[in-house]
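Undergrad: sharing a model prediction with you, sequence too.
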Amino acid sequence: MCRGGSGGDPSWHKNGSGLHKLNSINDFISCGNYLIKEGYVHKDQLGAIGHSAGGLLVAAAINMHPQLFRAAILKVPFLDVCNTLLDPSLPLTVLDYEEFGNPQIKSDFDSIMKYSPYDNINKGICYPAMLVTASFNDSRVGVWEAAKYVSRIREQTCSNCCGSVILKTNMSGGHFGEGGRSGQCEELAYEYAFLMKVMGQLGASERDF
């Protein structure tokens, strides 16, 4: 369990937020290494899923240790942290100052720039396969964040790997995707198909995903 989550007492969350946000990311990386070390998952088969701010966590961990992961799904992820928090006209910016800091304050800015996924993409490095989703009508995370991130990933990372980064944009849903059971099942099926393909679990006739 990572600091910054909702488990434990309030101090547990506080020790993984604001100026201590790196604690949360380092805890997540440690959990991944533990799963491999203890044999719960093969070292080439570790995947991760993050939704919204959880997407920030996963993407930041990938920047720090891209070789740790085989695949990742980032669902409407918060990726362009500094630029978003510098725009107080956006719906959640002011509320997010408590969680991530206010980049107009130098100490907070320096902290954010150490982990902001968009600002820390490695050049020429192999990255895991990724499915990055966005929603056009998302009022919490701008649709442009995923688009900017995927564009930079494709531009800067290993040319052989960047083709495995998919941007899927929902043109009608919001932050929580399509409403209704059918829409949720379709979304989940797409994610499972992506993971099965990149993990090498699909048959030859199923590879036209």
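TA: Everything's here; your move.

Undergrad: where does residue 10 land on pLDDT?
TA: Residue 10 is assigned a predicted lDDT (pLDDT) of 84.

Undergrad: please point out which parts of the helix ranked longest in the chain sit buried.
TA: If you go by DSSP state H, the chain has its longest helix at helix 180-198. By neighbour count on 16 or more other Cβ atoms under 10 Å, the buried set for helix 180-198 is 187, 190-191, 194-195, 197-198. C-beta coordinates here come from the backbone N, C-alpha and C atoms, glycine included.

Undergrad: tabulate those residues (JSON lines), appending pLDDT and distance to residue 78.
TA: Below are the buried residues of helix 180-198 laid out as JSON lines (pLDDT from 0 to 100; distance: Cβ to Cβ, whole Å):
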{"residue": "187", "pLDDT": "88", "distance to residue 78": "19"}
{"residue": "190", "pLDDT": "93", "distance to residue 78": "21"}
{"residue": "191", "pLDDT": "93", "distance to residue 78": "19"}
{"residue": "194", "pLDDT": "94", "distance to residue 78": "21"}
{"residue": "195", "pLDDT": "93", "distance to residue 78": "22"}
{"residue": "197", "pLDDT": "91", "distance to residue 78": "26"}
{"residue": "198", "pLDDT": "91", "distance to residue 78": "23"}
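
Undergrad: of those residues, closest to residue 64?
TA: residue 198 (20.5 Å; Cβ to Cβ).

Undergrad: can you show me the strands along this protein?
TA: Ranges of strands in the chain, per DSSP state E, are 47-51, 71-75, 129-135, 165-170.

Undergrad: could you dump those strands to JSON lines with mean neighbour count?
TA: Below are those laid out as JSON lines (neighbours: other Cβ atoms under 10 Å):
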{"stretch": "strand 47-51", "mean neighbour count": "19"}
{"stretch": "strand 71-75", "mean neighbour count": "25"}
{"stretch": "strand 129-135", "mean neighbour count": "23"}
{"stretch": "strand 165-170", "mean neighbour count": "17"}
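
Undergrad: could these go into JSON lines alongside distance to residue 103 and mean pLDDT?
TA: Compiled in JSON lines, the strands of the chain are given as follows (distance: least, Cβ to Cβ, whole Å; pLDDT from 0 to 100):
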{"stretch": "strand 47-51", "distance to residue 103": "21", "mean pLDDT": "96"}
{"stretch": "strand 71-75", "distance to residue 103": "22", "mean pLDDT": "97"}
{"stretch": "strand 129-135", "distance to residue 103": "22", "mean pLDDT": "95"}
{"stretch": "strand 165-170", "distance to residue 103": "26", "mean pLDDT": "93"}
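
Undergrad: closest one to residue 143 among those?
TA: strand 129-135 (4.7 Å).

Undergrad: excluding sequence neighbours, find me the nearest residue to the most centrally placed residue in the chain.
TA: The C-alpha lying nearest the average C-alpha coordinate of the chain belongs to residue 55 (Cα atoms, centre = their mean; 2.5 Å). Once flanking residues are discounted, residue 55 sits nearest to residue 77: 2.3 Å by Cβ to Cβ, 6 or more residues apart in numbering.

Undergrad: I am finished for the moment; much appreciated.
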